[in-house]
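Visitor: Based on what follows, work out the 3D shape:
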Amino acid sequence: MSFRLFEEKQHASIYQKYRMVPPDEVKELILQYLDKKKGPPFELVVDLGCGTGQNTRLLSPHFQKVVGIDISESQLEEARAVPGFTNLSYRTGTAEQLPFPDGSVDLLTAASAAHWFDPQGFLKEASRVLKPHGCMALLGYTDQFYLNYGSCGDKLDSIYSEVIKALLPYTSSQIAVANSKLQDLYEAIPFPDKERVESIPVKLQMSVRAAIGLVESFSMYQTFQRAEPQAAAALLKSTTTRLLKEMGVSSVDTKLDVTMHYYCVLACKPQ
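Guide: Numbers count the residues shown, from 1 in each chain. Next up is the predicted model:
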């Protein structure tokens, strides 16, 4: 990976607490694709840019062995602290240099991480380590979230849009790669058998506290915080106050309805 933006301990803790687990709709899409293209046995899945392990743990029941790879030891410390997954391990490393033999991996995944990879290096390694008919699944979501509480959805969306606008000066160009739903990376995949599912709508509930925590976990917010810590803290505080006021509530544990859209790039290595 070419970018190192998630390595501070405090950021890792926020990431573990507030980042969402990929939804079942996306997990089932990936497993069905692997079953169709390769079939069992499902021996080894490698989760690249695994962060604090949300996607890694989600895959654990479906494979004999699960390995999460991340460049950030702080993120991996948070991941390893979650008990109860005996077939799961974590290693420090990058998507461009993987510690696996040729043709040994059934599935490579990356959840909200592939936009940080060097495409050429990653795709070369993916081609090397995947088994014949092994698959890759690169999932993520755009930064478009739609909030609703009672009848004030439009006003909440406006507040969220203002937050994203305030963070634009601190936003890496790689966020545009994610918001493009990995279009260029998809086109660069050398396997002829590939597809890109561009919109998987997901509805969930999230407390105001969690919504603010999610913003705090964003790489652009962390960049803002390092550059202007007081202004960054003030943005979170004012946003919390505005959300509560529009909703007509006082507790940050009040639940919002949130709609977001995942995407997934799927590809199968030839025989």
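
Visitor: Look at Val170 and say how many residues are nearby.
Guide: Let me fix one detail, which is that residue 170 is Tyr and not Val. By the criterion of other Cβ atoms under 10 Å, Tyr170 has 18 neighbours. (C-beta placed from N, C-alpha, C; glycine too.)

Visitor: ignore the last one, Lys255
Guide: Neighbour tally, Lys255, other Cβ under 10 Å: 15.

Visitor: what secondary structure does the closest residue to it other than its chain neighbours sit in?
Guide: Among residues not flanking Lys255 along the chain, Gln205 sits closest, at 4.5 Å (Cβ to Cβ, 6 or more residues apart in numbering). At Gln205 the chain is in strand, as set by DSSP: H, G, I helix; E, B strand; the rest coil.

Visitor: so who does Gln205 touch?
Guide: Neighbouring residues of Gln205 by Cβ atoms under 8 Å, 6 or more residues apart in numbering: Lys255, Leu256, Asp257, Val258.

Visitor: So how do I select the buried members of those residues in PyMOL?
Guide: Selection of buried members from the contacts of Gln205 for PyMOL, criterion 16 or more other Cβ atoms under 10 Å:
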select buried, resi 256+258
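
Visitor: now, among the contacts of Gln205, which is nearest to Tyr146?
Guide: Val258 (7.0 Å; Cβ to Cβ).

Visitor: Beyond whichever strand or helix holds Leu243, next helix or strand please.
Guide: Assigned by DSSP states H and E, Leu243 falls within helix 229-247. The C-terminal neighbour of helix 229-247 among helices and strands, as given by DSSP H and E, is strand 255-268.

Visitor: so how far is that next one from its chain's centroid?
Guide: 10 Å (Cα atoms, centre = their mean, to the nearest Å).

Visitor: Can you list the helices and strands that it packs against?
Guide: Applying 3 or more Cβ pairs under 8 Å, 6 or more residues apart in numbering; DSSP states H and E, one finds that strand 255-268 contacts helix 24-37, strand 130-141, strand 146-148, strand 193-207, helix 208-217.
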